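Q: next comes the sequence, and after it the predicted model I'd like to discuss.
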Amino acid sequence: MKIKHSREYGPFAPRIDELSDIDPSYKRVRCTLNGIPVDKMVDTRASLTDFLRNDFGLTSVKKGCEVGECGACSVLIDGKSVDSCLYLAIWAEGKDIWTTEGLVASDGSISIIQQAFIDQAAVQCGFCTPGFIITATEIVARGQRYDRSELRRLLAGNMCRCTGYENILRAVEEAIEIEIEARG
Ligand code: FES
Ligand code: FES
């Protein structure tokens, strides 16, 4: 039986716990997304990338290679940067997920790493940038310095066609220094 996506139902939508009885290829997922609890029925075959983009409009999560090579789809899951194209949406059950949209505070202020990317002009076309910001957020949160070769290795899962990487490395180094200073 073909089922419409849960958000396409109008006022006569079946209860959320009934949908998986109607079509077992749909499952309920409850997780925290950018600090907000969410509860959705998802296609068991859907990637987390599609879940975030299509169900929540979080288009900072880019579709690049879709095979785990470029890192454009990176999101934080329980504090770790993960390629969301290789992660099934149903695996998000109980997880704490952050995308770049969630790094902007309610007063509009941006995170240390986002500001560092601006300061160091670490962006050209911008397609790779949200993925780099996510991976860098995990690195910066460790509050620890790395030398250039370590930093290159930590960022190796993210690819950029434009910048030559130099400014990105400088941005991450700048953000790490600010983070360490803030911790005293
Ligand atoms: S789109 Fe996921 S790694 Fe390239
Ligand atoms: S800024 Fe264009 S791909 Fe990285």
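A: In hand now; what should we look at? Ligands and ions are numbered 1, 2, ... in the order given.

Q: may I see the buried residues of the longest helix along the chain?
A: For the chain, the helix with the greatest residue count under DSSP state H is helix 166-183. For helix 166-183, a neighbour-count test (16 or more other Cβ atoms under 10 Å) marks 167, 168, 169, 170, 171, 172, 173, 174, 175, 176, 178, 179 as buried. From N, CA and C alone the C-beta is placed, and that goes for glycine too.

Q: quick check: which helices or strands does it pack against?
A: The elements that helix 166-183 packs onto, with contact taken as 3 or more Cβ pairs under 8 Å, 6 or more residues apart in numbering; DSSP states H and E, are helix 112-119, helix 129-141, helix 148-154.

Q: quick one: residue 25 and residue 97, what's the gap?
A: 22 Å (Cβ to Cβ, to the nearest Å).

Q: out of these two, which sits in the more crowded spot?
A: residue 97 (25 against 13; other Cβ atoms under 10 Å).

Q: so which elements touch the host helix or strand of the more buried one?
A: Assigned by DSSP states H and E, residue 97 belongs to strand 96-98. Packing partners of strand 96-98 (3+ Cβ pairs under 8 Å, 6+ apart): strand 26-33, strand 74-77.

Q: if we use 10 Å, what do you get?
A: In terms of contacts (3 or more Cβ pairs under 10 Å, 6 or more residues apart in numbering; DSSP states H and E), strand 96-98 is packed against strand 26-33, strand 74-77, helix 129-141.

Q: buried set for the last one?
A: Translated: helix 129-141. For helix 129-141, the neighbour count (16+ other Cβ under 10 Å) marks 129, 130, 131, 132, 133, 134, 135, 136, 137, 138, 139, 140 as buried.

Q: if we take those, which one ends up nearest to residue 73?
A: Nearest to residue 73 out of those is residue 131 (Cβ to Cβ; 6.5 Å).

Q: with adjacent residues omitted, what lies nearest to the closest one?
A: residue 74 (4.0 Å; Cβ to Cβ, 6 or more residues apart in numbering).

Q: that neighbour and ligand 1, how far apart?
A: 7 Å (Cβ to the nearest ligand atom, to the nearest Å).

Q: give the contact list for that residue.
A: 49, 60-62, 64, 80-85, 99-100, 128, 130-138, 157-158 (Cβ atoms under 10 Å, 6 or more residues apart in numbering).

Q: just name the shakiest helix or strand of the protein by mean pLDDT.
A: helix 16-22 (a mean of 62; mean pLDDT, DSSP states H and E).

Q: which stretches of the chain have low pLDDT?
A: Low-confidence segments of the chain, defined by pLDDT under 70, span residues 1-22.

Q: who wins for proximity to ligand 2 among the helices and strands packed on strand 96-98?
A: Ligand 2 lies closest, by Cβ to the nearest ligand atom, to one member of these: helix 129-141, at 5.9 Å.
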